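Student: attaching a predicted model along with its sequence, questions to come.
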Amino acid sequence: MKRDYSFFLVTGFFLLVIESAIGDHVSVANIRIDALYTLIVWFALRVPMPQGFTPVLVLGVMAEGFTALIPGLYIGAFVLAYLMVRYIASHLMYTSILHRVLLVLFVSMNGTVIILAGGGHAELVWPQGVMQAAANALLSPLFFAFFESIYQFLFSSENYSSA
Amino acid sequence: MPVPKKKSRKIGAALVAIIAAVLVIFALVGLNFRSVSLLVPVDSVFTDMAGYFQKGISNPLQWVRHVWDSYVNLRNVKQQNNAYREEIARLRQEVIRYREALIENEQLRGLLGIREEVSGRTMVATIVGMDIDSWVSSVTVDKGRMNGVRRDMVVLAPEGVAGRVIKAGLHFSRVMLISDYNSAVGAMIQSSRIRGIVKGNGRGGCTLEYVEKGQDVETGDNVITSGTDGIFPRGLLLGRVSSVKNLGESTLFQTIEVEPAVDLKGLEKVLILLTERPLLEQER
């Protein structure tokens, strides 16, 4: 479980740095490549409440350092995304890739609404916010595979030895 | 049907966890909103940490961009050189005229006892990162409290006003650009002295608001700071009017689009005025 936390926080911080440093250069009409919600869904499907709550909270606090938005929006958006995925996951026996993509779409949409409306940009929810959520969902299979492969690469020997 | 004891205990634990989560979020947000925030040191650490990493990423990126720009520039360099020579000759003449005007202006200022609006020390800062939210126009600069930067200091580019400092870490600060949706600057039309407020539209541009219908505003008019907001000194160039619309009879004000004088997307270096709340201090 500890390696899940550390992987989640290190990857989250890395994504924050990358997105804030080069995000503007790889955006189309303000729609960026954003893998943070995919990471939260990936983490929420692995780590249940209450253990997973603290790392998500920490990622939210870290994200606040990368934005000029009023305090609390990223913390709220990330924690709510985690809680929603946990609630939905508790009713599922198995999550196919389609389920995961829909979860990313769902939590991205919620997060975008919180951030845009809370930041005073409510009129941008449609269509830009929805397009950002759709872009997150469409790219999520790539990021799920990326997170999974990196995680396996980093911890595969440990898995093998512990088994 | 009665709920099994084990399940009810689980539901109870989940409820407690959710309530605790909500309380923690509200506590964090509440602490952040207080003027003397307990989270300021934590926030400052993350701002600095973010700045260091962003600087590490943006330097190689800028190098690649410079190399590419150099290559593209070389292709047309000969034609451009000829054009630049003509331009330099014209500009030299213009500089001589401006020097004369400056001397005349200084004499007039001395006579009228008008103070310099922009005074005090300035500092050059490099932009090392942007906002993670694509709808927020803010940037991180590599100067912080250790360099004398404080909240609400004015940030300039050679062409005009870029924004103001909204968060100062130890070594890095966050600057809200004038194109941000939450940015508002007291402004006026330079020629007609009509006052309004320049607000960011969140899409890289600005609008001049609260200018009544019938007021004489033309496309191409310079928009400058009016100094009425207590943050920006008077007379700094904000941008130029790009369009003026009068939407129907039900609205009181004109819809005036302003194109920022500064290329806010292409900013690399900025100048920070190291004077806190210049106008307020001057008026005290």
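Tutor: Yep, that arrived.
Student: what about stretch A:1-18, average pLDDT?
Tutor: Stretch A:1-18 shows a mean pLDDT of 89 in the predicted model.
Student: try stretch B:7-24
Tutor: Predicted confidence along stretch B:7-24 averages 74 (mean pLDDT).
Student: state the number of residues packed around the residue of chain A at minimum distance from chain B.
Tutor: Nearest to chain B in chain A, going by C-beta to the nearest C-beta, is A:Gly65, at a distance of 2.9 Å. Any C-beta I mention is one placed from the backbone N, CA and C, and that applies to glycine too. A:Gly65 is flanked by 26 other residues according to other C-beta atoms under 10 Å in any protein chain shown.
Student: contacting residues for it?
Tutor: Taking C-beta atoms under 8 Å, 6 or more residues apart in numbering or on different chains as the definition of contact, the neighbours of A:Gly65 are B:Asp43, B:Val45, B:Phe46, B:Thr47, B:Met49, B:Ala50.
Student: mind checking which of those land in helices?
Tutor: Under the assignment DSSP state H, those contribute B:Asp43, B:Val45, B:Phe46, B:Thr47, B:Met49, B:Ala50 to helices.
Student: and what about the residue nearest to A:Gly60 when sequence neighbours are not counted, helix, strand or coil?
Tutor: Beyond its immediate neighbours in the sequence, the residue positioned closest to A:Gly60 (C-beta to C-beta, 6 or more residues apart in numbering or on different chains) is A:Ile75, lying 3.5 Å away. Assigned by DSSP: H, G, I helix; E, B strand; the rest coil, the conformation of A:Ile75 is helix.
Student: picking that back up, out of the ones in helices among the contacts of A:Gly65, which touch chain A?
Tutor: Taking C-beta under 8 Å from any C-beta of the partner chain, the overlap between those and the neighbourhood of chain A is B:Asp43, B:Val45, B:Phe46, B:Thr47, B:Met49, B:Ala50.
Student: now whichever residue of chain B sits closest to chain A: how far from A:Leu16?
Tutor: Chain B approaches chain A most closely through B:Phe46 (2.9 Å), counting by C-beta to the nearest C-beta. Note on B:Phe46: its distance to A:Leu16, by C-beta to C-beta, to the nearest Å, is 9 Å.
Student: which of the two has more residues huddled nearby?
Tutor: With neighbours defined as other C-beta under 10 Å, B:Phe46 and A:Leu16 compare such that A:Leu16 has more, 26 against 20.
Student: in contact with the residue nearest to the more buried one when sequence neighbours are not counted, which residues are there?
Tutor: Using C-beta to C-beta, 6+ apart and skipping the chain neighbours, the partner closest in space to A:Leu16 is A:Phe66 (5.1 Å). Residues in contact with A:Phe66 (C-beta under 8 Å, 6+ apart) are A:Leu16, A:Val17, A:Ser20, B:Phe46, B:Ala50, B:Gly129, B:Asp131, B:Ile132.
Student: which of those fall in strands?
Tutor: When the contacts of A:Phe66 are checked against strands using DSSP state E, the ones located there are B:Gly129.
Student: related to what we said a few turns ago, just put the contacts of A:Gly65 in a markdown table and tack on distance to B:Leu177.
Tutor: Converted to a markdown table, the contacts of A:Gly65 look like this (distance: C-beta to C-beta, whole Å):
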| residue | distance to B:Leu177 |
| --- | --- |
| B:Asp43 | 20 |
| B:Val45 | 24 |
| B:Phe46 | 21 |
| B:Thr47 | 17 |
| B:Met49 | 22 |
| B:Ala50 | 17 |
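Student: can you pick the most crowded of those residues?
Tutor: The member of the contacts of A:Gly65 surrounded by the most neighbours (other C-beta under 10 Å) is B:Ala50, with 28 neighbours in all.
Student: state the three-state secondary structure for the residue positioned nearest the centre of chain A.
Tutor: Centroid-nearest residue in chain A: A:Tyr37, 2.0 Å away (criterion: C-alpha atoms, centre = their mean). What three-state DSSP gives for A:Tyr37 is helix.
Student: gap between the closest residue to it other than its chain neighbours and A:Val41?
Tutor: Leaving out its chain neighbours, the residue that sits closest to A:Tyr37 by C-beta to C-beta, 6+ apart is A:Ser108, at 4.5 Å. Applying C-beta to C-beta, one obtains 9 Å for the distance of A:Ser108 from A:Val41.
Student: looking at it, A:Met131 is touching A:Val28, isn't it?
Tutor: No: with contact defined as C-beta atoms under 8 Å, A:Met131 does not count as touching A:Val28 (9.4 Å).
Student: how about the helices in the chain?
Tutor: The chain I'm using is chain A. Counting by DSSP H, the helices of chain A are A:2-22, A:36-46, A:53-64, A:73-89, A:97-118, A:130-162.
Student: you looked at the wrong chain, it should be chain B
Tutor: Taking DSSP H as the test, the helices found in chain B are B:5-33, B:40-75, B:77-112, B:278-283.
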